[in-house]
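1. heads up, no residue letters with this:
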């Protein structure tokens, strides 16, 4: 039995390709857009934006810190961004997140 899971989401975002791409690579912007109004926020984001570079995102839910880590696999400015994603709450060893621009 395969443990592979594929999920495809498509969203139109009212922002430039550059803004969307860079939002994932700039700690302050990443902290702002990954926080929500339900009391979950990002208290730390460290980013080494290069292929093979790592990131750390620490979210805070109540008084519980939830770290997320990953490694950048693809960085094609304004076209494609791919990285692994690891969380203490996931059952798979790691996930691969890939974002593509349509334009």
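-> All right, it came through fine. All of these numbers come straight from a predicted model, not from anything done at the bench.
2. so residue 39 makes contact with residue 62?
-> Yes. Residue 39 is within contact range of residue 62, at 6.7 Å (criterion: CB atoms under 8 Å). Glycine gets a C-beta too; all of them are placed from N, C-alpha and C.
3. all helices of the chain, in order?
-> Per DSSP state H, the chain carries helices over the ranges 17-23, 27-33.
4. between the ones you listed, which one is nearest to residue 93?
-> helix 27-33 (23.4 Å; CB to CB).
5. what residues of that closest one count as buried?
-> Buried residues in helix 27-33, counting neighbours by 16 or more other CB atoms under 10 Å, are found at 27, 30, 31.
6. ok, now stretch 62-76?
-> 68, 69, 70, 71, 72, 75.
7. about what we covered before: between the buried residues of helix 27-33, which is closest to residue 6?
-> Taking CB to CB as the measure, residue 6 lies nearest residue 30 of the buried residues of helix 27-33, at 24.5 Å.
8. per-residue confidence at the closest one?
-> As predicted, residue 30 sits at a pLDDT of 90.
9. likewise residue 3?
-> So residue 3 comes in at 63 (pLDDT).
10. and the residue nearest the centre of the chain, what does it touch?
-> Central residue of the chain (CA atoms, centre = their mean): residue 24, 6.3 Å from the mean position. Neighbouring residues of residue 24 by CB atoms under 8 Å, 6 or more residues apart in numbering: 30, 81, 99.
11. if we can go back for a sec, can you redo the helices of the chain as CSV with distance to residue 6?
-> Listed next are those as CSV, based on distance: least, CB to CB, whole Å:
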stretch, distance to residue 6
helix 17-23, 22
helix 27-33, 24
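12. those helices: which one's closest to residue 90?
-> Short answer: helix 27-33, nearest of these by CB to CB, at 19.1 Å.
13. what's the closest one packed up against?
-> Packing partners of helix 27-33 (3 or more CB pairs under 8 Å, 6 or more residues apart in numbering; DSSP states H and E): helix 17-23, strand 40-47.
14. nearest to residue 95, of these?
-> Smallest distance to residue 95 across the helices and strands packed on helix 27-33 (CB to CB): 17.8 Å, for strand 40-47.
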